[in-house]
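Engineer: sequence and predicted model, in that order:
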Amino acid sequence: MQSEATILVAPNVRKVSGPGVWARWILRFMRQKPLGGFGLVFIVILVLTALFAPVIAPHDYSERTGAALADPSADHLMGTDKFGRDLFSRIVYGSRATVKIGLGAAALATATALVIGMTSGFIGGWYDTIVQRLVETIMSLPGIVIVLSVVAFAGGGETTTLLVLGFLAAPGMSRVIRGATIQVRDAQYIEAARAVSASTPRLILRHTLPNIVAPTVVVGTLAVGNAILAEAALSFLGFGVNPPTPSWGQELNASGRTYFQIAPHLAIFPGVAISLAVFSFNMLGDALRDVLDPRLRNT
């Protein structure tokens, strides 16, 4: 006798993912963490400014549009530099170098730190010992001296600055990722995957990486602010972005330092831009840490 089967039709299930869910999460995040929300808004504005700099800037960054060292006015919102170039336009165009080097160096550092931290923490043993001794050796070296030496030898520029800052930030970030990996590697789902003969690369990429995303996002966000500050310092010293390409640190060095007493706006506006960018990424990183770390959600 053939048994009858009951066919159950699943009701229409509402999707739990999509733009609406992300929008609600962002709104809740901004209400719970107002400083982190401010950082997020400023970062979005900064990225849009870098993308649409030719549209936003009223003048070309190399065009002489007025008298030298002019004060802020309706024609020049932030005044002019020593060559009569519009400072607002140069700061808008300078955001391109800030975004490129900041995000690029952080992305490179995060990718390198993931490779070092996950393999070191998951494999352990002699491999972990050797890798960590190398990491500690690199971290003990004075970073600014290494950066200046490499940039002076290889020449300045956005690409060189990005690569040097990215690789120097990776060892410190790898320690955080290694710690998160060690907490995950002895979990039951890792043991279950081992029991079915999962390979080490699969265990790392498929089962470990998704569970250390939260600390990785946090350290990656904080690395952007550090990279922006380091790039500004290098450009101020003359080893960063090469002229005539504008950058915020370069503006501080080119006119702000020399003419500060008679034209303080040349140092104030680039300095405020650097401070807001670094502050925004740091506040966003702190807020993401509080939200993504379950141990800190109720504190």
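Structural biologist: Received it, and whenever you're ready, just let me know what you need.
Engineer: mind listing what V135 touches?
Structural biologist: Listed by C-beta atoms under 8 Å, 6 or more residues apart in numbering, the contact partners of V135 are 116, 120, 171, 174-175. Backbone N, C-alpha and C define where each C-beta goes, glycine included.
Engineer: run the chain-centre distance for whichever strand or helix holds G249.
Structural biologist: Under the criterion of DSSP states H and E, G249 resides in helix 248-251. In terms of C-alpha atoms, centre = their mean, to the nearest Å, the centre of helix 248-251 is found 19 Å from the chain centre.
Engineer: could you dump that helix to PDB, C-alpha only?
Structural biologist: Below are the C-alpha coordinates for helix 248-251, written out as PDB (Å, rounded to 0.1, in the frame of the first residue of the first chain):
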ATOM      1  CA  TRP A 248      46.800  68.200   2.900                       C
ATOM      2  CA  GLY A 249      50.200  67.600   4.600                       C
ATOM      3  CA  GLN A 250      51.800  69.300   1.600                       C
ATOM      4  CA  GLU A 251      49.600  72.400   2.000                       C
END
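Engineer: if we can go back for a sec, looking at the contacts of V135, spot the one nearest L237.
Structural biologist: P171 (23.1 Å; C-beta to C-beta).
Engineer: give me the neighbour count for L237.
Structural biologist: L237: 16 surrounding residues under other C-beta atoms under 10 Å.
Engineer: and whichever strand or helix holds G220, what does it pack against?
Structural biologist: For G220, the element it lies in under DSSP H and E is helix 213-237. When contacts are defined as 3 or more C-beta pairs under 8 Å, 6 or more residues apart in numbering; DSSP states H and E, helix 213-237 sits against helix 87-123, helix 143-154, helix 158-185, helix 248-251, helix 265-292.
Engineer: can I get those in JSON lines including distance to I45, mean pLDDT and mean neighbour count?
Structural biologist: Listed next are these as JSON lines, based on distance: least, C-beta to C-beta, whole Å; pLDDT from 0 to 100; neighbours: other C-beta atoms under 10 Å:
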{"stretch": "helix 87-123", "distance to I45": "9", "mean pLDDT": "93", "mean neighbour count": "22"}
{"stretch": "helix 143-154", "distance to I45": "29", "mean pLDDT": "81", "mean neighbour count": "14"}
{"stretch": "helix 158-185", "distance to I45": "21", "mean pLDDT": "91", "mean neighbour count": "21"}
{"stretch": "helix 248-251", "distance to I45": "15", "mean pLDDT": "86", "mean neighbour count": "28"}
{"stretch": "helix 265-292", "distance to I45": "9", "mean pLDDT": "90", "mean neighbour count": "20"}
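Engineer: once you drop chain neighbours, what's closest to V217?
Structural biologist: L288 (6.0 Å; C-beta to C-beta, 6 or more residues apart in numbering).
Engineer: ok, P215 next?
Structural biologist: A180 (4.7 Å).
Engineer: contacting residues around the spatially most central residue of the chain?
Structural biologist: Geometric centre of the chain, nearest residue: V224, 2.4 Å, by C-alpha atoms, centre = their mean. By C-beta under 8 Å, 6+ apart, the residues touching V224 are 102-103, 105-106, 281.
Engineer: picking up where we left off before, and which of the contacts of V135 is nearest V196?
Structural biologist: Among those, and counting by C-beta to C-beta, the member closest to V196 is S120, at 24.9 Å.
Engineer: other residues contacting the strand or helix carrying G36?
Structural biologist: In the assignment (DSSP H and E), G36 maps to helix 34-51. For helix 34-51, contacts defined as C-beta under 8 Å, 6+ apart pick out 26, 29-31, 56, 92, 95-96, 98-100, 276-277, 279-284, 286-288, 290-291.
Engineer: for stretch 151-171, same thing?
Structural biologist: Taking C-beta under 8 Å, 6+ apart as the rule, stretch 151-171 contacts 97, 100-101, 104-110, 112-113, 116, 135, 138-139, 143, 146-147, 150, 223, 226-227, 230-231, 234, 238-242, 245.
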